[in-house]
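> Have a look at this fold, sequence not included:
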């Protein structure tokens, strides 16, 4: 299957203009309407664009993991919040391209038609493998061009193709490049290699060698199976490849948040290219496919992700599993929360601000 087309966002319609102000949606770089994906990437690179925002509006991987649908809504919910952030001395948006979302409507339709089928999980996992293929091929030219993707929406299943694309781009230049990843998540997503879904992307990535090291930050003891913990331990049989720590230890006072992040950063810092992942399940009260009342506060999550970006200078950010319809005020919360996380990351990675004599 060839990569689905990209659906460009209607930035003018989504951006609320106001006299005397500039919003990100008015400033960010825009691809010509007649340019294909790879041509747009080259034009963006030539124009000095560094950061590319992309949506993957699917929840097939979550459903293939027996989870609750809704992660397909995150991109459309987040976009109005992102484009209406102020363009100012802290973040201008001039080196940002809000590219749009991948058109996965046909795959979502195929997945929807499986409801009630006795072999639904098997069929959904086959669709996820198909998505893995085209998303890898779609992300690869971005990494090859030196772009920094910020991927929003869908399940953590999409971590695998993003990592594969990064590894392919890095190893085309240096075959022995080591790809490391840090994932802040209550769940390790290291389930059995039983067919692709949102619960096993990092296991597949480690097993096939796309990923050299993986750190799962602030897991929850009650929501990681013994079989998964054994699999993570087994991955270290020859050398350290997988490490983790526990949110429960923070609650018990045995571990501070700074120390937890220190351990994660130390484990992955030696990578030639590093991926940064945040499953929104990690944030208490965040509407997600696996909603939790216990977890990081929003400010804690922002602080951790800001520091991780500054310390590691990762090659991408992946924000997964947000499902706005999972709570009554989920749309408002998700829109603003994802806008904060995206703009924090852009600033931490050195995105351009407006030239000004002030401070």
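Arrived safely. Every value quoted in this text rests on a predicted model; they were computed, and no experiment measured them. Numbers count the residues shown, from 1 in each chain.
> now do the same end-to-end measure for stretch 12-24.
By C-alpha to C-alpha, to the nearest Å, the extent of stretch 12-24 from end to end equals 11 Å.
> One more: stretch 26-35?
20 Å.
> Could you pull up the mean pLDDT of it?
For stretch 26-35, mean pLDDT rounds to 96.
> Report the secondary structure state of residue 186.
State at residue 186, reduced to three classes by DSSP: H, G, I helix; E, B strand; the rest coil: coil.
> quick one: contacts for the closest residue to it other than its chain neighbours?
Spatially, and ignoring its direct neighbours in sequence, residue 186 is nearest to residue 220 (4.0 Å; C-beta to C-beta, 6 or more residues apart in numbering). All C-beta spots, glycine's among them, are computed from the backbone N, C-alpha and C. Applying C-beta atoms under 8 Å, 6 or more residues apart in numbering to residue 220 gives the contacts 186, 187, 246, 247, 248, 292, 294, 295.
> ok, so what distance separates residue 220 from residue 279?
According to C-beta to C-beta, to the nearest Å, residue 220 stands 11 Å off from residue 279.
> now residue 311
From residue 311 to residue 279 the distance is 20 Å (C-beta to C-beta).
> Neighbour count: the two, which is higher?
residue 279 (26 against 18; other C-beta atoms under 10 Å).
> quick one, phi psi at that one?
phi -80, psi 120 (degrees, to the nearest 10).
> Help me confirm that it comes into contact with residue 320.
Yes - if you go by C-beta atoms under 8 Å, residue 279 and residue 320 touch, sitting 5.3 Å apart.
> Could you pull out the residues contacting both of those two?
Shared contacts of residue 279 and residue 320, counting by C-beta under 8 Å, 6+ apart, come down to residue 156.
> Secondary structure element holding the residue most central in space within the chain?
Computing the C-alpha centroid of the chain and ranking residues by C-alpha atoms, centre = their mean puts residue 318 first, at 1.3 Å. Under the criterion of DSSP states H and E, residue 318 resides in strand 316-320.
> Tell me the helices and strands packed up against that strand.
Applying 3 or more C-beta pairs under 8 Å, 6 or more residues apart in numbering; DSSP states H and E, we find strand 316-320 packed against strand 148-152, helix 159-173, strand 273-279, helix 330-348.
> Which one, of the ones you listed, ends up nearest to residue 109?
helix 159-173 (20.5 Å; C-beta to C-beta).
> Report all helices and strands that the closest one contacts.
Using 3+ C-beta pairs under 8 Å, 6+ apart: helix 159-173 touches helix 120-144, strand 179-184, helix 201-208, strand 273-279, strand 316-320.
> could those go into CSV alongside distance to residue 256?
Converted to CSV, the helices and strands packed on helix 159-173 look like this (distance: least, C-beta to C-beta, whole Å):
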stretch, distance to residue 256
helix 120-144, 34
strand 179-184, 15
helix 201-208, 25
strand 273-279, 19
strand 316-320, 24
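> Go through the helices and strands packed on strand 316-320 and name the closest to residue 134.
helix 159-173 (8.1 Å).
> between that closest one and strand 316-320, how big is the angle?
Angle, helix 159-173 to strand 316-320, by axes from the mean of the first three to the mean of the last three C-alpha atoms, to 10 degrees: 170 degrees.
> Would you mind pulling the contact partners of stretch 337-346?
51, 53, 74, 77-78, 81-82, 84-85, 91, 96, 150, 152, 276, 278, 280, 283, 286, 298, 301-302, 305-306, 309, 317, 319, 322.
> Out of the residues you listed, which sit inside helices?
Counting by DSSP state H, those place 74, 77, 78, 81, 82, 298, 301, 302, 305, 306, 309 in helices.
> In space, what's closest to the third one - neighbours in sequence excluded?
Read that as residue 78. Using C-beta to C-beta, 6+ apart, the nearest residue to residue 78 is residue 338, at 3.8 Å.
> pLDDT below threshold where in the stretch 251-359 of the chain?
Where the stretch 251-359 of the chain drops to pLDDT under 70, the residues are 356-359.
> how about a cut-off of 80?
328, 355-359 (pLDDT under 80).
> Who are the contact partners of the residue nearest to the centre of the chain?
So residue 318 contacts 150, 151, 156, 158, 159, 162, 275, 276, 277, 278 (C-beta under 8 Å, 6+ apart).
> Repeat the analysis, applying 10 Å as the threshold.
54, 56, 149-154, 156, 158-159, 162-163, 181, 183, 201, 275-279 (C-beta atoms under 10 Å, 6 or more residues apart in numbering).
> ok, now residue 67?
Contacts of residue 67 by C-beta under 10 Å, 6+ apart are 59, 61, 155, 156, 197, 198, 199, 288, 289, 290, 321, 323.
> out of the contacts of residue 220, who has the most neighbours?
In these, the most neighbours by other C-beta under 10 Å go to residue 186, 26 neighbours.
> pLDDT value on that residue, please?
98.
> Now the phi/psi pair for it, please.
Dihedral angles (degrees, to the nearest 10) for residue 186: phi -70, psi -20.
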